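> Any chance you could fold what I've pasted below:
(3 chains)
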Amino acid sequence: MPELPEVETVRRILERVLVGNKIVRAEIADDEIVLKRTPKVQVESALVHKTVTNVGRIGKYFWLELDSQPWVFAHLGMAGWVRELGASTIRLREHGNAPFEDENGNTRFLKMGLETDQGGRVVMTDGRRLARIWLCNQPMDDLAISKLSPDWLTNPMDAATVYARIAKKAAPMKAILLDQSLFAGVGNWIADEALYQARIRPNRLGKEMSLSDTEALIDNLVRIIQEAVDLGADSEKFPKSWLFHYRWGGSKGDELIGGREIQRDQIGGRTTAWVPAVQV
DNA sequence: CTCAGTGTTCAGTG
DNA sequence: TCACTGAACACTGA
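The predicted model follows:
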């Protein structure tokens, strides 16, 4: 689920519910897997009685900025999400740290629950325990975040800059697109979608790209990200023409898109869906 | 029962 | 040291 548009959607939920308000209750899962870098009580005490001044994001990483440091950082992994709880939802404490079922009957792990002095409540959940929460004073003090490229929603690079960084690479473009130090926020589906719409083979090497190929890729990538963000990362609303709707259509996905064969290969360590008749 | 998965990290290779 | 690849992580659903 969570690539840049999904994480931006989560960021906006947190911004709407939390910014300007004081946190009156914070519950963090007592889960050493989730909190590899920080004991639960430290995260809770970093949050309680603090006012949220901003919610930041670069790529797939996001964080709560508070009126005193440290701040609280998080990554959704492969199956994390954040939702606002309505007034009728049962109390966070009653969930405890155990897995619980969401309104659709799916099992989730509760990672974090927050309540503000205005009564707003949000929870961060994860179906697979690959999401993470930790403390840090500011984004650039975090090793992983400090290595990210500028964010591709808010600060997209121009084609010439990208071209200079890929023109000698021997890796396939699919792998290059997944490199967060160059394409912060791009994940498996966005990479495939951008390559498909730019009509570039995922196994084309960086050094086989021209400047105009790079321009086409960047133009499509930026538009796809912007459109997905504008749609609140609600994939059902994505344009019908997008490969997204076909890549995992059924159990293995559809065989055809517009009458053309969809091929699936391992490229850059990930299953890659592409259309040989379109991508060269 | 086995395997892949909208991600990141780290060991291993050349 | 750099560039790159593949497995591990943890759990669910097909």
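
> Let me see the backbone angles for A:Leu47.
phi -100, psi -40 (degrees, to the nearest 10).

> for A:Leu14, same thing?
Here A:Leu14 shows phi and psi, under degrees, to the nearest 10, equal to phi -60, psi -40.

> dump the residue contacts of it.
A:Val52, A:Val55, A:Phe62, A:Leu64, A:Val82, A:Val122 (CB atoms under 8 Å, 6 or more residues apart in numbering). C-beta: built from backbone N, CA, C; applies to glycine.

> measure the closest residue to A:Ser68 other than its chain neighbours to DNA strand B for me?
Of all residues not flanking A:Ser68 in the chain, A:Lys50 sits nearest, at 6.3 Å (CB to CB, 6 or more residues apart in numbering). Distance of A:Lys50 to DNA strand B, computed by CB to the nearest atom of the strand, to the nearest Å: 25 Å.

> A:Val275 now?
Counting by CB to the nearest atom of the strand, the gap from A:Val275 to DNA strand B is 16 Å.

> and that residue, how many residues sit next to it?
20 (other CB atoms under 10 Å).

> That one - nearest residue in space that isn't next to it in sequence?
A:Arg260 is the one closest to A:Val275 (CB to CB, 6+ apart), at 5.2 Å.

> returning to that earlier point: which of the contacts of A:Leu14 count as buried?
Neighbour-count burial (16 or more other CB atoms under 10 Å) is assigned, among those, to A:Val52, A:Val55, A:Phe62, A:Leu64, A:Val82, A:Val122.

> hmm, who's touching the helix or strand where the last one lies?
Yep, that's A:Val122 we're talking about. Per DSSP states H and E: A:Val122 is located in strand A:121-126. With contact meaning CB under 8 Å, 6+ apart, strand A:121-126 is reached by A:13-14, A:17-18, A:34, A:74, A:76-77, A:79-85, A:89, A:92, A:102, A:108-115, A:131, A:133.

> packing partners for the longest helix along chain A?
Determined from DSSP state H, the single longest helix within chain A is helix A:211-230. If you count contacts as 3 or more CB pairs under 8 Å, 6 or more residues apart in numbering; DSSP states H and E, helix A:211-230 packs onto helix A:4-18, helix A:159-166, helix A:188-197.

> List the buried residues in that helix.
Quick answer for helix A:211-230 (16+ other CB under 10 Å): A:Asp213, A:Thr214, A:Glu215, A:Ala216, A:Leu217, A:Ile218, A:Asn220, A:Leu221, A:Ile224, A:Ile225, A:Ala228, A:Val229.

> quick revisit: and the buried ones among the contacts of A:Leu14, which is closest to DNA strand B?
Nearest to DNA strand B among the buried ones among the contacts of A:Leu14: A:Phe62, at 11.0 Å, using CB to the nearest atom of the strand.

> hang on, that closest one in a strand?
Yes: residue state for A:Phe62 (DSSP: H, G, I helix; E, B strand; the rest coil) corresponds to a strand.

> Report how many residues lie close to A:Arg204.
Neighbours of A:Arg204 using other CB under 10 Å come to 18.

> need the contact list for it.
Counted by CB under 8 Å, 6+ apart, A:Arg204 has contacts A:Pro172, A:Met173, A:Asp213.
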